[in-house]
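# Could you work out the structure for the sequence below:
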Amino acid sequence: MEQLLDVYKRPYEENHRVLCLDEKPYQLIGQVKEKIITSTGKILEDYEYVRHGMAQIYMVFEPLGGKRYVTVRDTHNRFDWVEVVSNLLDNEYSDVPFISLVQDNHSTHQAHFFYEVYEASKARQYLDRLIFEYTPAHGSWLNMAEFELSVLSRQALGKRFDNKPDLMNQIRAWQNQRNKVAVKANWQFTKDDARVKLKKLYPSFLT
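Numbers count the residues shown, from 1 in each chain. Predicted structure coming up:
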């Protein structure tokens, strides 16, 4: 935890960015009955729905740059993770030498999976630019991408989507607007705060 808090304390650096990555499942849900619009303009929606499968939302958030990049995929496995990360390195962050990537300790978030997707020299090129920073067990709240996923849910996913293209279009519009005004994160929780507020998590010594 303290190591991660040191990462968040760093000032913005052009050549060494901090990115936070998190994922969440999204249930694609369709209407069974059409919505009814009353004469007063009120929308009446039936609670009955039909499931259309799952989508996986990947959020990558740069807290000091005010940028977020959201990808919707069909699955959530090691190959999806490698592709999401490598696409960022190849495109949005192609000119950035080093990236500290904050993420949870999920089994799919391991460096060696790059070697399952790319031949060894290419995998090494990617990994030479990446510094993995893991949140502690039961400490997902330390990942700022989780907060950004919560904002996405509140601001853009309040209605049902029954197909992935419509979901992606809605997310893309939200992402573009939020990136346009460069909404950043101002992290305030420090090591000193942790040592006071989370004192029970630290070892105690009898004298």
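
# what sits up against the helix ranked longest in the chain?
Scanning the chain for the helix with the most residues, using DSSP state H, yields helix 164-180. Contact with helix 164-180 is made by 26, 28, 55, 57, 66-70, 72, 74, 152, 155-157, 161, as judged by C-beta atoms under 8 Å, 6 or more residues apart in numbering. C-betas here are computed from N, CA, C, even on glycine.

# and if you look at stretch 75-93?
17, 19, 21, 23, 25, 56, 58, 60, 67, 69, 71, 73, 99, 101, 107-110, 113-114, 116-118, 126, 129-130.

# Now do the strands in the protein.
In the chain, the strands defined using DSSP state E lie at 16-31, 36-37, 43-44, 49-62, 67-73, 98-103, 130-134.

# can you list these in a markdown table and add mean neighbour count and mean pLDDT?
What follows is the strands of the chain, written out as a markdown table (neighbours: other C-beta atoms under 10 Å; pLDDT from 0 to 100):
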| stretch | mean neighbour count | mean pLDDT |
| --- | --- | --- |
| strand 16-31 | 18 | 91 |
| strand 36-37 | 10 | 72 |
| strand 43-44 | 9 | 66 |
| strand 49-62 | 19 | 88 |
| strand 67-73 | 19 | 97 |
| strand 98-103 | 20 | 97 |
| strand 130-134 | 16 | 96 |
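
# how deep is residue 88 tucked in, by neighbour count?
Residue 88 is flanked by 21 other residues according to other C-beta atoms under 10 Å.

# For residue 140, see how far away it is.
Counting by C-beta to C-beta, to the nearest Å, the separation of residue 88 from residue 140 is 21 Å.

# mind checking which helix or strand of the protein has the lowest mean pLDDT?
One helix or strand of the chain scores below all others by mean pLDDT, DSSP states H and E: strand 43-44, with a mean of 66.

# Which strand residues bridge residue 132?
For residue 132, the beta-bridge partners are residue 101 (DSSP bridges).

# so it touches residue 112, yeah?
No: judged on C-beta atoms under 8 Å, residue 132 makes no contact with residue 112 at a distance of 11.4 Å.

# In this structure, where is pLDDT below threshold?
Flagging of the chain using pLDDT under 70 yields the residue ranges 31-34, 36, 43-49, 52, 194-197, 199, 201-207.

# Just put the strands of the chain in JSON lines and tack on distance to residue 7.
Shown next, in JSON lines, are the strands of the chain (distance: least, C-beta to C-beta, whole Å):
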{"stretch": "strand 16-31", "distance to residue 7": "6"}
{"stretch": "strand 36-37", "distance to residue 7": "50"}
{"stretch": "strand 43-44", "distance to residue 7": "45"}
{"stretch": "strand 49-62", "distance to residue 7": "13"}
{"stretch": "strand 67-73", "distance to residue 7": "17"}
{"stretch": "strand 98-103", "distance to residue 7": "6"}
{"stretch": "strand 130-134", "distance to residue 7": "5"}
